[in-house]
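1. 3D model of this:
(one chain, ligands or ions: 1)
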Amino acid sequence: MKAAIYPGSFDPVTYGHLDVIHRAAEIFDELTVSVLNNQLKTPLFSVEERVKILEKATENIPNVKVDSFSGLLIDYAKKKGVHVAIRGLRAITDFEYELQIAQTNKLLSKGELDTVFLTTSLEYAYLSSSSVKEIASFHGDISMCVPEFVAQLIFEKYGHR
Ligand code: PNS
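-> Here you go, the predicted model:
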């Protein structure tokens, strides 16, 4: 069985992430979308909230599971017995950062963890969780960026309805 992990902050999940999730789930038998519990960042949504949001957003994809992790991705992947990490590449600006992480993970895992990149569909190429949050904080329209229920949760966080 071919399994993969899609790690990320997902604060919150966007249509760009969901595009990658749908496509990775077609390629792999089992996909675990895993939320990084990063103590260095102050997120809008807690890890538990992000996991719940992802579970709801992926409930129609049977081979997708949602989880969370702390620490190094290579340790988490080893514990789960998974050898492939998925990352989405939007524009060329993502490439250097992603290449650095992928090469470091390959080295640290002694070749055990490979990264498979999926290029994000063009319509989502400039979408990011950060810009979605910024737009929402100014009451902007984020309906083309995230599912409706996610938009509502974001607006609630900012005290909008
Ligand atoms: O959605 P993001 O914030 O771009 O995801 C970044 C992520 C979670 C893939 C990356 O920060 C990560 O894997 N962090 C876990 C810590 C780790 O393994 N670091 C070593 C790679 S340099």
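2. C-alpha from now on. contacts and neighbour counts both.
-> Fine.
3. C-alpha coordinates for stretch 36-46, CSV please?
-> Taking Å, rounded to 0.1, in the frame of the first residue of the first chain, the C-alpha atoms of stretch 36-46 are listed here in CSV:
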residue,chain,number,x,y,z
LEU,A,36,2.2,20.8,12.6
ASN,A,37,2.0,21.8,16.3
ASN,A,38,4.5,24.7,16.0
GLN,A,39,5.3,26.3,19.3
LEU,A,40,7.1,29.2,17.5
LYS,A,41,4.0,30.5,15.7
THR,A,42,0.9,32.1,17.1
PRO,A,43,-1.9,30.6,15.0
LEU,A,44,-5.4,31.8,14.4
PHE,A,45,-6.8,28.3,15.0
SER,A,46,-5.6,25.8,17.6
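4. buried ones in it?
-> Within stretch 36-46, the residues that qualify as buried are 36, 37, 45, counting by 16 or more other CA atoms under 10 Å.
5. Residues in a beta bridge with the first one, which ones?
-> Here residue 36 shows beta-bridge partners residue 69, assigned using DSSP bridges.
6. Enumerate every residue touching it.
-> 7, 8, 9, 47, 68, 69, 70 (CA atoms under 8 Å, 6 or more residues apart in numbering).
7. Check the burial of the fourth one by counting its neighbours.
-> Residue neighbour count, defined by other CA atoms under 10 Å, stands at 21 for residue 47.
8. Quick check on it: phi, psi?
-> Main-chain torsions, residue 47, degrees, to the nearest 10: phi -60, psi -40.
9. nearest spatial neighbour of it, skipping sequence neighbours?
-> Closest residue to residue 47 apart from its sequence neighbours, by CA to CA, 6 or more residues apart in numbering: residue 37 at 6.2 Å.
10. That neighbour reaches residue 67, doesn't it?
-> No - using CA atoms under 8 Å, residue 37 is not in contact with residue 67, being 10.5 Å away.
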